[in-house]
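Colleague: Provide a 3D model corresponding to the input given below.
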Amino acid sequence: MTTTNATTREVAHEITVSAPADAVYRLIAEVENWPRIFPPTIHVDHLERGAREERIRIWATANGAPKSWTSRRTLDPDNRRITFRQEVSTPPVAAMGGAWVIEERPGGESLVRLLHDYRAVDDDPAGLAWIDEAVDRNSRSELAALKENVERAHATRELTFSFEDTVLIEGAAKDVYDFIDQADRWVDRLPHVARVRFEEPAPGLQVLEMDTRAKDGSTHTTKSYRVTFPHRAIAYKQVTLPALMTLHTGLWTFEEYPRGVAATSQHTVVLNPDNIQRILGPDATVEDAREYVQGALSTNSRATLGHARDHAEKSR
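Modeller: Residues are numbered from 1 along each chain as shown. From the prediction side, this is the model:
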C-alpha cells in the first residue's frame, strides 16, 4: 500500500508470523540483535537509552551501498508498537520515520506491519525513486528475515553460538587498533591473507573483501562491512559467507589495562545445517560443524592478534 502527498510518501509492508505477538515484539525491540536478524543491518549502537525512549545509530546497506543514520525510538510494549524517526538522515533521504506494529491473530499467529513515511532532498523525483526502491527492498527483506528467525527459533538456538579469543599485549591500544583498522595493509602484514580490496566510503564505515588461505593451501573469498570506533572497537558483518555459515558477525575490542591492552576478537555464527554433511562427511553433526568453524575462525583471529601484538610492542 502506498499513498503520496506533495512532499511525503507513506508506505506499508506486512507479513504473518507463526509466533506469539509478545515474542515478536521483544525481538524487534532488542536492536542489539538486529545484525543477526535483518540482512541489511551491519551494526546498531545505543547513544541514549531510557525506559521507553532511546536514541540509536544504525549502519545498514541500502540498494547495496552502506549507509548510516541516527534514530529516536519510542517503545510501547502494552500496544506492541515501536515508532521511529531518523534524527540525521543520509541523502537522498531528507526525512524518514515510521512504526512497527504487531497484532495478535488467532491460533498463535501475529501480523507484523512495518510503516514508513519519508521525503527526498529537494523533493527530487530521482531521489524519491531511489528511496522507494531501498525501502521496498529492505522492508521485504527485514520482514522475511524476521518471519524466518522467529519461526525457526528452536533450530536457530542450536545452530547459533558465540566465542572469543583474547591476547594480552604490552603496547598501546591505539597501535593495536590501527593494525586491525588498516586492513588495506593486511596482504603485506598477515601471511594468511592473499588479497585485499578495501574501501572507506564514509569515515568510520569500511568495506573489506579479501582472499584468505586455509591450512590446506586453498583460498576462500569473504566480504565484510566494518564500523570503527577509534580506538576501542571495530564491529563487522560478513556478507559473503563460507558454505557452513548463514551468518557471521564479529567485534574486535581493545581494552587498556595497567601493563598494556587486552585485544579480543568475538564471533557470532549461525551454521547452515544443509551443508554440514556435504562438507564434513555423511556422519558429521552440528557439534562437529561448531568445532570446525570455531577452529578455523579462532586460528585466523589469533594469528591476526599475534601480528598486531608484534606491531604494537615494536611501536612502543
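Colleague: May I have the distance across stretch 167-183, first residue to last?
Modeller: End-to-end distance for stretch 167-183: 19 Å, by Cα to Cα, to the nearest Å.
Colleague: Please point out which parts of that stretch sit buried.
Modeller: Of all the residues in stretch 167-183, those buried under the rule 16 or more other Cβ atoms under 10 Å are 167, 169, 171-181, 183. Bear in mind the C-beta positions are built from the backbone N, C-alpha and C, glycine included.
Colleague: Quick check: the gap between the closest residue to N149 other than its chain neighbours and T61.
Modeller: Spatially, and ignoring its direct neighbours in sequence, N149 is nearest to I37 (5.0 Å; Cβ to Cβ, 6 or more residues apart in numbering). To T61, I37 is 15 Å away according to Cβ to Cβ, to the nearest Å.
Colleague: Repeat that for K174.
Modeller: 29 Å.
Colleague: ditto for L305
Modeller: 28 Å.
Colleague: before we move on, what about E199?
Modeller: 13 Å.
Colleague: Then V31?
Modeller: Per Cβ to Cβ, V31 is found 17 Å from T61.
Colleague: and what of G127?
Modeller: 18 Å.
Colleague: quick one: which of those two has more around it?
Modeller: Using other Cβ atoms under 10 Å, the more surrounded residue of G127 and T61 is T61, with 20 against 17.
Colleague: what about that one, helix or strand, and which?
Modeller: strand 53-62 (DSSP states H and E).
Colleague: ok, that strand: who's next to it in the sheet?
Modeller: Strand 53-62 sits in its sheet next to strand 41-49 (antiparallel), strand 65-76 (antiparallel), going by DSSP bridges.
Colleague: Flag every buried residue along the shortest one.
Modeller: Across strand 41-49, burial judged by 16+ other Cβ under 10 Å covers T41, I42, H43, V44, D45.
Colleague: Can you tell me which of these is closest to E151?
Modeller: When the buried residues of strand 41-49 are ranked by distance to E151 (Cβ to Cβ), T41 comes first, at 19.2 Å.
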